[in-house]
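[1] pasting the sequence and the predicted coordinates here, then a few questions.
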Amino acid sequence: QVQLVESGGNLVKPGGSLRLSCAASGFTFSDYYMNWIRQAPGKGLEWVSYISSSNTYTNYADSVKGRFTISRDNAKNSLYLQMNSLRAEDTAVYYCARRYCSGGSCSPDAFDIWGQGTMVTVSS
Amino acid sequence: QSALTQPASVSGSPGQSITISCTGTSSDVGGYNYVSWYQQHPGKAPKLMIYEVSNRPSGVSNRFSGSKSGNTASLTISGLQAEDEADYYCSSYTSSSTPYVFGTGTEVTVL
């Protein structure tokens, strides 16, 4: 079935680095824009980054620009998020999510498949 | 980019209809027909319920409907059921440097 599975979350000290991974299965991964979206404990959702289907375009939230890097390997059906200079406020569950497409048309505002999330805790 | 404004909580009895509002600005909700809604049960990932203001993905109950007027979008749940008890988030495309913004979230309680 269509599935996204995140991994790589951990406890890290402020200023440290972490790399998250998201393994996709059940769909043609290379056809879809992919996103990272996070949720701090007890808080709302925050979009973090997206990458285009062919690795050409990326975009980041202002809160992570210059510190996080999104990438993908279509041959491995995998999405990544390299997080550097981590701060306490980066503590959250990180979800990978697929941009919604239907009937050959993709909606720029919707994310239809989400992983179960991976927890990142930044604390000394 | 500030989060879109939603009521913290909305409640209703089984069978009733409720409406959740999502207020933004002309740079997001009011400027584009790109508003989506998500349902999130505790400890679970969000689920897409509405996209592009009023469209339902395949498999989503027609008890869920979306609309927009000016800078405010709305999600209506009709025939409220116990399984609808969850948190709901709106999201919009924006013209700012951060292209997507989510709402503050609304906790729906079925009385």
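    Arrived safely, thanks for sending.

[2] mind telling me what element residue A:113 is part of?
    For residue A:113, the host element (DSSP states H and E) is strand A:105-114.

[3] for that strand, the averaged confidence score.
    Strand A:105-114 shows a mean pLDDT of 91.

[4] direction included, what does that strand pair against?
    Strand partners for strand A:105-114, identified by DSSP bridges, are recorded as strand A:92-102 (antiparallel).

[5] give me the buried positions along the partner strand.
    Along strand A:92-102, these residues count as buried under the neighbour rule (16 or more other CB atoms under 10 Å in any protein chain shown): A:92-101. (C-beta placed from N, C-alpha, C; glycine too.)

[6] from those, which has minimum pLDDT?
    residue A:101 (90).

[7] and the nearest residue to it once chain neighbours are set aside, backbone torsions?
    Leaving out its chain neighbours, the residue that sits closest to residue A:101 by CB to CB, 6 or more residues apart in numbering or on different chains is residue A:32, at 6.6 Å. In terms of degrees, to the nearest 10, the main-chain angles of residue A:32 are phi -120, psi 140.

[8] so what's the residue count around residue A:32?
    Counted by other CB atoms under 10 Å in any protein chain shown, the residues lying close to residue A:32 total 22.

[9] so what's it up against?
    With contact taken as CB atoms under 8 Å, 6 or more residues apart in numbering or on different chains, residue A:32 is in contact with A:53, A:98-99, A:101, A:106.

[10] list of residues touching stretch B:67-86?
    Stretch B:67-86 is contacted from outside by B:12-26, B:29-30, B:33, B:35, B:37, B:39-42, B:49-50, B:53-54, B:63-66, B:88, B:90, B:92, B:107-110, using CB under 8 Å, 6+ apart.

[11] give me the subset of those that also touch chain A.
    Intersecting the contacts of stretch B:67-86 with the contacts of chain A gives B:35, B:92 (criterion: CB under 8 Å from any CB of the partner chain).

[12] related to what we said a few turns ago, confidence score at the residue nearest to residue A:101?
    According to the per-residue confidence, residue A:32 scores 94 in pLDDT.

[13] ditto for residue B:37
    Residue B:37 is assigned a pLDDT of 98 by the prediction.

[14] can you flag which of the contacts of stretch B:67-86 belong to helices?
    When the contacts of stretch B:67-86 are checked against helices (DSSP state H), there are no matches.

[15] inside strands: which ones of the contacts of stretch B:67-86?
    B:12, B:18-23, B:35, B:37, B:39-40, B:49-50, B:64-66, B:88, B:90, B:92, B:107-110 (DSSP state E).

[16] so what does the residue located most distally from the centre of chain A look like in phi/psi?
    Ranking residues of chain A by C-alpha distance from their mean position (CA atoms, centre = their mean) puts residue A:103 at the top, at 24.6 Å. For residue A:103, the backbone dihedrals (degrees, to the nearest 10) come out as phi 60, psi 30.
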